[in-house]
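**Q** Quick one, what's the 3D model for this:
(one chain, ligands or ions: 1)
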Amino acid sequence: MSKENIMNTYGRFPINLERGIGTKVYTVEGTEYLDFVSGVAANCLGHSHPALAKAISEQSQKLMHVSNIYWNVNQIKLAEKLTKYSDHDRVFFCNSGTEAIETALKLARKYGKVNGNENKNEIIFMENSFHGRTLGALAVTGQSKYQKDFTPLMNGIKSSKFNDIKDIEAKVNENTCAVILEPVQGEGGILPAEEEFLKKVRELCDKYDALLIFDEVQTGVGRLGTLFGYQSYGVIPDVVCSSKGLGGGFPIGAAIATEKAASAFVPGDHGCTFGGNPLACSASLAVLEELIDNGIIKEVDEKSKYIIDKINILKEKYEAIDGVQGKGLLLGLRVNIDPKVIINKCFEKNMLLIGAGKNIIRILPPLNVTTEEIDKALSILEEALEEVSKDK
Ligand SMILES: Cc1ncc(COP(=O)(O)O)c(C=O)c1O
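**A** Next up, the predicted model:
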């Protein structure tokens, strides 16, 4: 099997995966790995979840795709469900996180023109943020390592310091059409926003009639213990961008907006061929049924606390651990050595983990992970830490 035909855009681990069930994935040779990456927060129900597989299988035999110049039953049902469980009114469906961000950015620009004037087009983003790889999302990503080879970037953007009230106060003005941020910065290192900061940004957006956009691509769909992360902060954004967990591994994205924000768009302003197709929406409906109706989200905080308590015990034993940060099941193990050393040791012991920022190892199990699986993961981590401390 040749791998030479795939573009060279990822540093990959040397395994070729073929199937998975729950928290386990298997290589073509049949080697088992405990998966605490969950497709980077996408597989919120683990692999091959029966309800999700059933929904996709049944829908694929009924209707997979129709153009958005027609209505389709599942898209309407999914929009109803997302607006019922959020503080929002209208949804634009797409296929990925970065497309949800592009939608929100375009909506903000249109909102500025409709409700202000030609100059109300400035978008403020946070330092250290990550919003995706397409050129609009990349422009508002506050990390130059992702941008440097792809300049010039979109204009009309301004960066502000995350969790710094004074800085954002100095940046927002009547030309601002939107502020975009992650309630917990994910790729930047699992850094939660402070509630006071979010409240202040909300106030500023209200004062200058700018849209507050929350990028919930990683924090949404139960990850923080509420359907959307903003619900655990009590600050309501005008637009929520969702993806990853929304399809439980099936590609889907959504920009979910208040009527006030959404009303800026009219037919022809935006579109997406596959957005909201019946197949993707059937997957998402099955995911939401499991997470909300079958109570999985309710268990997230308890599982989070269980992991945090156990990591704090490990911290007492191993110098390499500096602490744990994050919210819900979007946790970051803070280490004071190169995180890759520990991630690679765990990989040798058949457990998958991923880093974030400079000194963080992400703990991203599926939301339906069991206590036994958490114990297993933490015992592999402990073995790895033991070896790392001996190697020193
Ligand atoms: C917060 C956040 N926004 C946007 C994206 C981009 O999502 P996608 O890779 O689906 O385009 C990601 C992906 O990691 C993300 O974590």
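**Q** From now on I want contacts and neighbour counts done on CA atoms only, so please keep to that.
**A** Fine.
**Q** Residue nearest the middle of this protein, spatially speaking?
**A** residue 218 (1.2 Å; Cα atoms, centre = their mean).
**Q** pLDDT of stretch 54-63, averaged?
**A** The pLDDT scores in stretch 54-63 average 98.
**Q** what helix or strand does residue 81 sit in?
**A** Using DSSP states H and E, residue 81 falls within helix 73-84.
**Q** go on, residue 153?
**A** Per DSSP H and E, there is no helix or strand for residue 153.
**Q** which residues sit in contact with the nearest residue to it once chain neighbours are set aside?
**A** Spatial nearest neighbour of residue 153, excluding adjacent residues (Cα to Cα, 6 or more residues apart in numbering): residue 139 at 5.4 Å. Going by Cα atoms under 8 Å, 6 or more residues apart in numbering, residue 139 touches 147, 153, 154, 157.
**Q** And for residue 153?
**A** Applying Cα under 8 Å, 6+ apart, one finds that residue 153 lies in contact with 135, 136, 138, 139, 147.
**Q** mind pulling up the phi and psi values for it?
**A** Recorded main-chain torsions at residue 153 are phi -90, psi 170, according to degrees, to the nearest 10.
**Q** Give the other helices and strands that the longest helix anywhere in the chain contacts.
**A** If you go by DSSP state H, the chain has its longest helix at helix 371-391. With contacts taken as 3 or more Cα pairs under 8 Å, 6 or more residues apart in numbering; DSSP states H and E, helix 371-391 sits against helix 300-317, helix 339-348.
**Q** 6 Å instead?
**A** The helices and strands touching helix 371-391, judged by 3 or more Cα pairs under 6 Å, 6 or more residues apart in numbering; DSSP states H and E, number zero.
**Q** what's the spacing between it and its chain's center?
**A** Here helix 371-391 is found 26 Å from its chain centre; the criterion is Cα atoms, centre = their mean, to the nearest Å.
**Q** Kindly report the same for stretch 347-360.
**A** Relative to the centre of its chain, stretch 347-360 is centred 18 Å away, using Cα atoms, centre = their mean.
**Q** quick one: average confidence on it?
**A** Averaging pLDDT along stretch 347-360 yields 97.
**Q** Next, see if it gets close to the ligand.
**A** No - figure legend: stretch 347-360 not in contact with the ligand (Cα under 6 Å from any ligand atom); closest approach 10.2 Å.
**Q** got the contact list for that stretch?
**A** With contacts defined as Cα atoms under 6 Å, 6 or more residues apart in numbering, stretch 347-360 is touched by 33-37, 187-189, 332-335, 339, 343, 361-362.
**Q** farthest-separated two in those?
**A** 33 and 188 (26.0 Å; Cα to Cα).
**Q** Sort out which one of the contacts of stretch 347-360 lies nearest the ligand for me.
**A** Nearest to the ligand among the contacts of stretch 347-360: residue 187, at 5.9 Å, using Cα to the nearest ligand atom.
**Q** Residue 135 versus that closest one, what's the distance?
**A** The gap separating residue 187 from residue 135 is 18 Å, by Cα to Cα, to the nearest Å.
**Q** and if you look at residue 327?
**A** Distance from residue 327 to residue 135, by Cα to Cα: 29 Å.
**Q** Also residue 239?
**A** Relative to residue 135, residue 239 is positioned 20 Å away (Cα to Cα).
**Q** higher neighbour count, these two?
**A** Using other Cα atoms under 10 Å as the criterion, residue 239 and residue 135 rank with residue 239 on top: 34 against 17.
**Q** who are the neighbours in contact with that one?
**A** So residue 239 contacts 213, 256, 257 (Cα under 6 Å, 6+ apart).
**Q** from the residues you listed, which ones fall inside strands?
**A** Among the contacts of residue 239, the members falling in strands (DSSP state E) are 213, 256, 257.
**Q** which ones are touching the last one?
**A** If I follow you right, that is residue 257. Applying Cα under 6 Å, 6+ apart, we find residue 257 in contact with 88, 90, 238, 239.
**Q** Which strand residues bridge it?
**A** residue 90, residue 239 (DSSP bridges).
**Q** what is the mean pLDDT for stretch 137-145?
**A** Mean pLDDT, stretch 137-145: 97.
**Q** what do you get for stretch 301-310?
**A** For stretch 301-310, mean pLDDT is 98.
**Q** and it, which residues are buried?
**A** Neighbour-count burial for stretch 301-310 flags 301, 303, 304, 307, 308 (criterion: 16 or more other Cα atoms under 10 Å).
**Q** Tell me where the stretch 151-300 of the chain has strands.
**A** All strands of the stretch 151-300 of the chain, identified by DSSP state E, counting those that start in this stretch, fall at 157-160, 176-181, 184-185, 191-192, 211-215, 239-242, 253-257.
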